[in-house]
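Q: Sharing a sequence plus its predicted fold:
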Amino acid sequence: MIPCTVRVVNMMPYTMNIYEDNTRQQGPMFVYEKSGLVARIVTVELGTVQGPELWYRDVQYQELESFPDEVAGTYYIVSLAAGLAVRSRDDLLAPYKKVRDLSGRILGYKHLQRIR
């Protein structure tokens, strides 16, 4: 259940347009301006694997860096990767299903999702 009064903090580096049931022509139902805060995942490089045909880095993804504590009635919009890094939180939302214009440019997203 969502409280009657909520605060949404967009921690993506761009404005988040959410269309829900609106068409592209109607425009977004919700617009969340970027907050200036960006959710960053702490990464640890575990090493490099090198072969004759392929090189890659082993990377471990950990918690979110300098992320605010949970506050009742506040939701944070983060990337899917950030949300997957901390599934234990109920206050993280990520974009879900892109909305594109006729040339393929992303206009926003159909929904926000809570990651389980």
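A: Everything's here; your move. Just so it is clear, the model here is predicted, and its values are computed rather than measured.

Q: Wait, a helix at G83?
A: Yes. G83: assigned to a helix according to DSSP: H, G, I helix; E, B strand; the rest coil.

Q: OK, contacts around it?
A: G83 sits next to 92-94, 115 when contact means C-beta atoms under 8 Å, 6 or more residues apart in numbering. Every residue, glycine included, has its C-beta placed from N, CA and C.

Q: In contact with the residue nearest to the spatial centre of the chain, which residues?
A: The residue lying closest to the centre of the chain (C-alpha atoms, centre = their mean) is S79, at 2.2 Å. Contacts for S79 (C-beta under 8 Å, 6+ apart) come out as 12, 39, 94-95.

Q: Determine which two of these are furthest apart.
A: A39 and P95 (12.6 Å; C-beta to C-beta).

Q: which residues do the two both contact?
A: Joint contacts of A39 and P95 (C-beta under 8 Å, 6+ apart) are 12, 79.

Q: that older thread, among the contacts of G83, which one lies nearest to G47?
A: Closest to G47, out of all of these and judged by C-beta to C-beta, is I115, at 28.6 Å.

Q: Show me the strands in this protein, by range?
A: Counting by DSSP state E, the chain has strands at residues 7-10, 16-18, 30-32, 40-50, 55-65, 74-77, 92-100, 106-114.

Q: In a markdown table: those, plus mean pLDDT and distance to R24.
A: Formatted as a markdown table, the strands of the chain follow (pLDDT from 0 to 100; distance: least, C-beta to C-beta, whole Å):
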| stretch | mean pLDDT | distance to R24 |
| --- | --- | --- |
| strand 7-10 | 96 | 21 |
| strand 16-18 | 97 | 10 |
| strand 30-32 | 98 | 14 |
| strand 40-50 | 93 | 31 |
| strand 55-65 | 90 | 32 |
| strand 74-77 | 96 | 21 |
| strand 92-100 | 96 | 6 |
| strand 106-114 | 96 | 6 |
